[in-house]
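With the sequence up front, the predicted model follows.
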Amino acid sequence: MRSVTYSMNVSLDGYIVGPDGGFNWTTPDEEIFRSWIDEIREVGVHLLGRRLYETMLYWEDADQDPSLDDSQLEWTALWKPLPKVVFSSTLSAVQGNARLASGGLAEEIERLRAEPEEGDIAIGGATLAAEAAALGLIDEYRARVYPVLIGGGIPFFPQRERRVDLELVETRTFSSKAIYLRYRVAR
């Protein structure tokens with residue numbers, strides 16, 4: 001069965017976006033960007049909330065930008081063809097290899113898990129991930145923790161009163177002193 005993964009950059013105090021809506025503190029160096037490339041290779045479909053979808057639209061035609069380096073071009077080549085499912089109550093259309101979700105999150109994940117396709121089901125965006133977590137649908141949490149305290153914003157982990165036991169699967173320290181943590185939900 002396909003795993004459902006939630007992977008984001010996060011501040012040491014647990015936020016993916018700061019109080020001002022910014023995330024400029026997560027600009028990846030080459031080593032961290034390469035880790036994202038390696039991770040996206042394992043993804044079969046990406047589920048996104050509206051805000052993350054709109055942020056990631058940049059990559060739909062980024063390959064036309066002559067200033068991109070080889071890693072950014074590699075990311076674009078992997079991201080563009082990747083099937084995406086967008087959860088939004090305000091969008092009426094999406095671009096690229098994306099479609100609007102036709103049902104609820106649980107139904108969509110159940111359908112995707114039943115398909116004979118390969119690759120993880122990745123979830124992006126805090127609101128969507130919080131819903132998936134509340135439903136017990138996330139199999140792995142993956143965080144690239146940056147050595148910065150931003151004091152508030154959108155949290156990586158949903159603020160629900162529900163205990164979830166995790167098993168450490170992998171750690172990695174980057175030369176920039178950011179740390180990658182990969183945990184599997186203990187079931």
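Yep, it's here. None of the values given here were measured: they were computed from a predicted structure. Numbering: from 1, shown residues only.

make it CA atoms for all contacts and neighbour counts henceforth
Fine.

What strands flank whichever strand or helix holds residue 7, and is each parallel or antiparallel?
Here residue 7, judged by DSSP states H and E, is contained in strand 4-11. Strand 4-11 pairs in its sheet with strand 120-124 (parallel), strand 140-146 (parallel), by DSSP bridges.

which is the next helix or strand following the longest one?
It refers to strand 140-146. strand 154-155.

same check, this time on the shortest one
In the C-terminal direction, the helix or strand that comes right after strand 120-124 (DSSP H and E) is helix 126-134.

any idea of the angle the strand holding residue 7 forms with helix 126-134?
Counting by axes from the mean of the first three to the mean of the last three Cα atoms, to 10 degrees, strand 4-11 lies at 130 degrees to helix 126-134.

Pull the distance from strand 4-11 to the chain's centre.
Centre-to-centre, strand 4-11 and its host chain are 5 Å apart (Cα atoms, centre = their mean, to the nearest Å).

With stretch 138-150 instead?
11 Å.

do the same with stretch 123-135
Centre-to-centre, stretch 123-135 and its host chain are 10 Å apart (Cα atoms, centre = their mean).

got it, and stretch 18-30?
14 Å.

can you tell me the distance between the two ends of that stretch?
Distance between the two ends of stretch 18-30: 23 Å, counting by Cα to Cα, to the nearest Å.

For the strands paired with strand 4-11, give me JSON lines that also has mean neighbour count.
Below are the strands paired with strand 4-11 laid out as JSON lines (neighbours: other Cα atoms under 10 Å):
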{"stretch": "strand 120-124", "mean neighbour count": "22"}
{"stretch": "strand 140-146", "mean neighbour count": "23"}
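
Looking at the ones you listed, which is nearest to residue 32?
Nearest to residue 32, of all the strands paired with strand 4-11, is strand 140-146, at 8.4 Å by Cα to Cα.

For the closest one, give me every contacting residue.
Applying Cα atoms under 8 Å, 6 or more residues apart in numbering, the external contacts of strand 140-146 come out as 3-12, 25-26, 177-185.
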